[in-house]
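Q: quick one, what's the 3D model for this:
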Amino acid sequence: MATIPAPACHQVHLPWRSPPGARMQRPGTLRLWSAVVSLSLLAGGCASAPLDRAGSLRSYDNLKPSDGLLTRTLLNVHKDDVLAAKTVAIVPTTFSSAAPTPFTEEQRNLVTNAVDRSLCTGLSERFEVVDPSQPADLTIHAIVTHVNPTDPIAVGFSKGASVAKSVLLPGVPVPVPRIPIGLGSLSLEAEARDPQGNQKAAMIWGRGATAFMGSGRVAEEADAYSLAADFGGDFSMLLVKGATPFGAPPSMPSHARLKALLGGAPKYPACESFGRAPGLVGMVGDNLGLPPKWTDKGATNGRD
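A: Residues are numbered from 1 along each chain as shown. Presented below is the predicted three-dimensional model:
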């Protein structure tokens, strides 16, 4: 498996000042907590994700870098052909046989299904999503090429720090980042082919969890699970727009997409095979740091 090494993450320092009108705290407490926050961020704010090549793409030619704020990608898209397509089918995501798999089968299924559900929801914004057994203008397939697990103990300590902050500094919006140890990461490659098997779009994608965005969940697959949905959003946007998903201002999601994200029925029956999104229950579980399997019922087609 070919690998493009991931660069080291940038160190981040977020200075803190007491907001106007905030209740005065003991100076020693404020200095101590500010130091904890700063040291946590300076220790390393994010995990790195390599851009591995698993060999599943029809071609790796003409892939060009197109990075987001936190995401690294190589991509290629035939814009006119993609925008002319009306129907898409999603082949269930799998793990590359060459990729290290620190997860159990149940954990892998949670991650791959999160990819497929996110793809289906995003693609439904412009395409009609059909079952893979039916003819489609484009057929989508993604493969997980690399994954690093989350350290659940470190997440647990981070949750404890958040509780301690609320006790020591009640009412003061001091940022409480995750402890930057054991942050997870995820890398994938994906392709859209026409009925003749020709590549119409491709993306190699890598992203790591960060200490200052997201509170984390107490599970080894937690970061990979969250990042899987991010990938699905990015690759589906590539096909919806026919251009890189990075750099443009975000657009308002449709009513159908909001409904699906909140746990309602998806726009197309083909998306039902990936199960309903956890919705508000998932949001609460994420805030509490619960393992994804506690709030996500997974696929409905026997993969879980």
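Q: ranges for the strands of the stretch 51-200 of the chain?
A: 51-53, 64-65, 71-77, 87-95, 128-130, 138-148, 185-193, 199-208 (DSSP state E, counting those that start in this stretch).
Q: give me whichever of these is most buried.
A: Stretch with highest mean neighbour count among the strands of the stretch 51-200 of the chain: strand 185-193 (a mean of 26; mean count of other C-beta atoms under 10 Å). Just so you know, the C-beta spots here come from the backbone N, C-alpha and C atoms, and that holds for glycine as well.
Q: now the angle from that strand to strand 87-95?
A: Strand 185-193 runs at 140 degrees relative to strand 87-95, counting by axes from the mean of the first three to the mean of the last three C-alpha atoms, to 10 degrees.
Q: could we number from 18 for the rest of this?
A: New numbering, starting at 18: the last item is strand 202-210.
Q: partners of strand 202-210 in the sheet?
A: Using DSSP bridges, strand 202-210 pairs in its sheet with strand 155-165 (antiparallel), strand 216-225 (antiparallel).
Q: export the last one to PDB, keeping only CA atoms.
A: Included here for strand 216-225 are C-alpha records, laid out as PDB according to Å, rounded to 0.1, in the frame of the first residue of the first chain:
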ATOM      1  CA  GLN A 216     -13.800   6.900 -13.200                       C
ATOM      2  CA  LYS A 217     -15.800  10.100 -13.000                       C
ATOM      3  CA  ALA A 218     -14.600  11.300  -9.500                       C
ATOM      4  CA  ALA A 219     -12.100  10.100  -7.000                       C
ATOM      5  CA  MET A 220     -10.900  11.300  -3.600                       C
ATOM      6  CA  ILE A 221      -8.200  10.200  -1.100                       C
ATOM      7  CA  TRP A 222      -9.100  11.700   2.200                       C
ATOM      8  CA  GLY A 223      -7.500  11.900   5.600                       C
ATOM      9  CA  ARG A 224      -8.300  13.700   8.900                       C
ATOM     10  CA  GLY A 225      -7.500  13.400  12.500                       C
END
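Q: average model confidence for that strand?
A: The pLDDT scores in strand 216-225 average 98.
Q: so what angle separates the directions of it and strand 88-94?
A: Following the same axes, to 10 degrees, one obtains 180 degrees for the angle between strand 216-225 and strand 88-94.
Q: dump the strands of the stretch 68-217 of the chain to JSON lines, plus distance to Gly302.
A: Converted to JSON lines, the strands of the stretch 68-217 of the chain look like this (distance: least, C-beta to C-beta, whole Å):
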{"stretch": "strand 68-70", "distance to Gly302": "30"}
{"stretch": "strand 81-82", "distance to Gly302": "35"}
{"stretch": "strand 88-94", "distance to Gly302": "24"}
{"stretch": "strand 104-112", "distance to Gly302": "22"}
{"stretch": "strand 145-147", "distance to Gly302": "27"}
{"stretch": "strand 155-165", "distance to Gly302": "21"}
{"stretch": "strand 202-210", "distance to Gly302": "19"}
{"stretch": "strand 216-225", "distance to Gly302": "21"}
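Q: Ala245 is nearest to which of those?
A: Counting by C-beta to C-beta, Ala245 lies closest to strand 202-210 out of the strands of the stretch 68-217 of the chain; the figure is 6.3 Å.
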